[in-house]
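Undergrad: I need the structure of the sequence given here:
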Amino acid sequence: MAANFNCDMPQNTITHPSWYSPKTGIYNSIHSPRSLPTDPFLDVVCFIFSHPHDGVLALIDSLSGTSISYSNLLTLVKSLASGLHKMGVSQGDVVLLLLPNSIYYPIALLSVMYLGAVVTPLNPLSSVDEIRKRVNDCGVSFAFTIPENVKKLEPLGIPIISVPENEKDLKHACFSCFFNLISGNFVLPQKSVIKQEDTAAILFSSGTTGVSKGVVLTHRNLIAMVELSARFEASKYEYSSSKNVYLDVLPMFHLYGLSLFATGLLSLGSTIVVMRKFDIDETIRVIDKYNVTHFHVVPPILTALTAKAKGVNGSKLQSLRQVGSSAAPLTTKAINDFVQAFPHVDFIQGYGMTESGTVGACGFNTEKFRNYSSLGLLAPNMEAKVVDWNSGAFLPPGRSGELWLRGPSTMKGYLNNEEATMSTVDKDGWLHTGDIVYFDQDGYLYLSDRLKEFIKYKGFQIPPADLEAVLILHPEIADVAVTGAKDEEAGEIPVAFVVKKVGSVLSPKDVIDFVAKQVAPFKKVRKVVFTDKIPRSVTGKILRKQLRNCLPSKL
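TA: Below is the predicted model:
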């Protein structure tokens, strides 16, 4: 998601564009539909590798330079899938990927789905409690992780394979199992019959409100994701995708990173340079060393890149051809500063969410027309409605309302949560996003506000309810509510409003430390405000907007 605007566009005419129906309230994509496979027995891995291209290097480790070629990629995936099968992983089993970025992440991910098993990615910095909850919620029976996390997983009693960062680490004893599996040229006795409607992945999202929920995505959803995002995006440009070099600093355990770098771009033959974690100086070095052409970011990374522009020895990273931002809003100033710092770079924004399979809208600039501030045009095969959140009326271009999306990449539903599914995806298949948007007269989408309650910290979603569930267990806390406060560097930070029990001497540091021990680092409470009462509605719902309005000007 991107671009923060607060007002309706003036409606200058009652003549509606052809891509909007005032009768049904449906917006259609301006782009021509993309053809999706009709074979019901097709998995996303076979779909990815069914596209011929002349790509040479698939994945490069940014630090060591070790790489995986396209000629070996599918062989490695099949070998690992066969090895997993020999170890007892069967179709329908759920496999946890508790991994940071590496050139082996896509191989682990694709091998699981090729086998017909289900992947559930998780932040490798997650706490023991968060890992245990994921294992229990999803029924995880197997895990890939790094040596640092083995002790977190051992008490859960599931088989573990440690995954190295690059080829140089493969020789270490702790990675012998992984090395033997990918180099053993194992062959599946018989490949599972996988249907497009079978579950392929379970990712977690807070949706429009509440605690994190498992988003169930099928092979059909992921096939549409690959076709309508990565492959469609590449088709808009004249240059060959196999000549593009992408830099990945986005975590592959997040659908934004997974959709591009672990799946979609591999169908195009593009080269992906993988960084384990973001560092601005290292990022600049890597862009220059590998002649990176495309760079997908979240707002804090874009801001850091802009700030460094003047100190890049005058080169201004000339290999960069396009930079795309998504996952959180950008200010107009941040956009303008970047465009001025990098006038040779095609800057675009996009919109998507886990529940929509990332597919939503994507920017597109031409030599004659550039629209940096919008979220882009509706993706092919996608439909949208803009709905008045009070009356339920459908709204035409220029009017702001809640965005509803419908398309082939929309999730199957929330894991074991029919009530949440029905409140998010209605009987007609419309995904109620909780974002307040409008379309302009040219079909470009703009974000105005959001109904959702989750906090966007450096592009990561933090459900306030998750932190509240931790905080309320503190023996000196009587009541609590968590909301987001704007932060120039992070976008938003979690702020806890705490009602102390009588006689408590609890300090802000005590509260922050209590939460930090139980959650992943990105989820930590950053500020604490003590209050006498938490504002609630008559039904008991926390009035987070009131909390945000009560935030001190300086935290």
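Undergrad: can you tell me how far residue 346 is from residue 446?
TA: 19 Å (C-beta to C-beta, to the nearest Å). Where you see a C-beta, it was placed from the backbone N, CA and C, and this is true even at glycine.
Undergrad: more neighbours: which of these two?
TA: residue 446 (25 against 18; other C-beta atoms under 10 Å).
Undergrad: buried stuff in the helix ranked longest in the chain?
TA: Ranked by residue count, the top helix of the chain under DSSP state H comes out as helix 70-86. Using 16 or more other C-beta atoms under 10 Å as the test for burial, helix 70-86 gives 70, 73-74, 76-85.
Undergrad: with those residues in mind, which one is nearest to residue 530?
TA: residue 84 (50.9 Å; C-beta to C-beta).
Undergrad: just give the nearest non-adjacent residue to residue 51, would you?
TA: residue 267 (4.7 Å; C-beta to C-beta, 6 or more residues apart in numbering).
Undergrad: how about that neighbour, what does it touch?
TA: 47-49, 51, 53, 226, 230-231 (C-beta atoms under 8 Å, 6 or more residues apart in numbering).
Undergrad: the very next helix or strand once past the longest helix of the chain packs against which elements?
TA: Tracing the chain past helix 70-86, the next element assigned as helix or strand by DSSP states H and E is strand 94-98. Judged by 3 or more C-beta pairs under 8 Å, 6 or more residues apart in numbering; DSSP states H and E, the packing partners of strand 94-98 are helix 105-114, strand 118-121, helix 128-138, strand 140-145.
Undergrad: can you do 6 Å?
TA: Packing contacts for strand 94-98, counted by 3 or more C-beta pairs under 6 Å, 6 or more residues apart in numbering; DSSP states H and E, involve strand 118-121, strand 140-145.
Undergrad: so which of these is nearest residue 238?
TA: So among the helices and strands packed on strand 94-98, strand 118-121 is nearest, using C-beta to C-beta, at 34.2 Å.
Undergrad: what's that closest one packed up against?
TA: Strand 118-121 sits against strand 94-98, strand 199-205, with contacts defined as 3+ C-beta pairs under 6 Å, 6+ apart.
Undergrad: so of the contacts of residue 267, which ones are in helices?
TA: 47-48.
Undergrad: so which of the helices and strands packed on strand 94-98 comes closest to residue 333?
TA: strand 118-121 (33.4 Å).
Undergrad: from the chain's centroid, how far away is the closest one?
TA: Chain-centre distance of strand 118-121: 14 Å, with C-alpha atoms, centre = their mean, to the nearest Å.
Undergrad: now stretch 169-181
TA: 29 Å.
Undergrad: next, find the distance separating the residue nearest to residue 337 when sequence neighbours are not counted from residue 246.
TA: Closest residue to residue 337 apart from its sequence neighbours, by C-beta to C-beta, 6+ apart: residue 306 at 5.0 Å. According to C-beta to C-beta, residue 306 and residue 246 sit 20 Å apart.
Undergrad: so for these two, which sits in the more crowded spot?
TA: Legend: neighbour count by other C-beta under 10 Å for residue 306 and residue 246, higher for residue 246 (22 against 18).
Undergrad: just checking, that one touches residue 294?
TA: Yes: Residue 246 lies in contact with residue 294 (C-beta atoms under 6 Å); the separation is 4.6 Å.
Undergrad: following the helix or strand hosting residue 161, which helix or strand shows up next?
TA: Per DSSP H and E: residue 161 is located in strand 160-162. Beyond strand 160-162 in the direction of the C-terminus, DSSP H and E gives the next helix or strand as helix 176-183.
Undergrad: and that following helix, what does it pack against?
TA: Partner elements for helix 176-183 (3+ C-beta pairs under 6 Å, 6+ apart): helix 70-86.
Undergrad: show me the shaky parts of the stretch 101-250 of the chain.
TA: Low-confidence segments of the stretch 101-250 of the chain, defined by pLDDT under 70: 206-210.
Undergrad: remind me which residues of the stretch 401-550 of the chain are low pLDDT?
TA: 451-452, 537-540.
Undergrad: now the strands for it?
TA: For the stretch 401-550 of the chain, the strands defined by DSSP state E, counting those that start in this stretch occupy 401-406, 413-414, 431-439, 444-450, 455-457, 460-462, 477-487, 491-500, 527-530.
Undergrad: could those go into JSON lines alongside distance to residue 171?
TA: As requested, these are exported to JSON lines (distance: least, C-beta to C-beta, whole Å):
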{"stretch": "strand 401-406", "distance to residue 171": "47"}
{"stretch": "strand 413-414", "distance to residue 171": "43"}
{"stretch": "strand 431-439", "distance to residue 171": "47"}
{"stretch": "strand 444-450", "distance to residue 171": "48"}
{"stretch": "strand 455-457", "distance to residue 171": "38"}
{"stretch": "strand 460-462", "distance to residue 171": "34"}
{"stretch": "strand 477-487", "distance to residue 171": "43"}
{"stretch": "strand 491-500", "distance to residue 171": "41"}
{"stretch": "strand 527-530", "distance to residue 171": "46"}
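Undergrad: residue 37: which of those is closest?
TA: strand 401-406 (19.6 Å).
Undergrad: now for that closest one, which elements pack on it?
TA: strand 383-387, strand 431-439.
Undergrad: those: which one's closest to residue 160?
TA: Here strand 431-439 is closest among these (C-beta to C-beta), at 35.5 Å.
Undergrad: give me the contact list for that closest one.
TA: 208, 355-356, 397, 399-400, 403-405, 410, 424-425, 445-452 (C-beta atoms under 6 Å, 6 or more residues apart in numbering).
Undergrad: buried subset of those residues, written for ChimeraX?
TA: Only the buried entries of the contacts of strand 431-439 go into this ChimeraX selection, using 16+ other C-beta under 10 Å:
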select :208,355,356,397,400,403,404,405,410,424,425,445,446,447,448,450,452
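Undergrad: about what we covered before: so which of the helices and strands packed on strand 401-406 gets nearest residue 164?
TA: Closest among the helices and strands packed on strand 401-406, using C-beta to C-beta: strand 431-439, at 38.2 Å.
Undergrad: cool, thanks, signing off.
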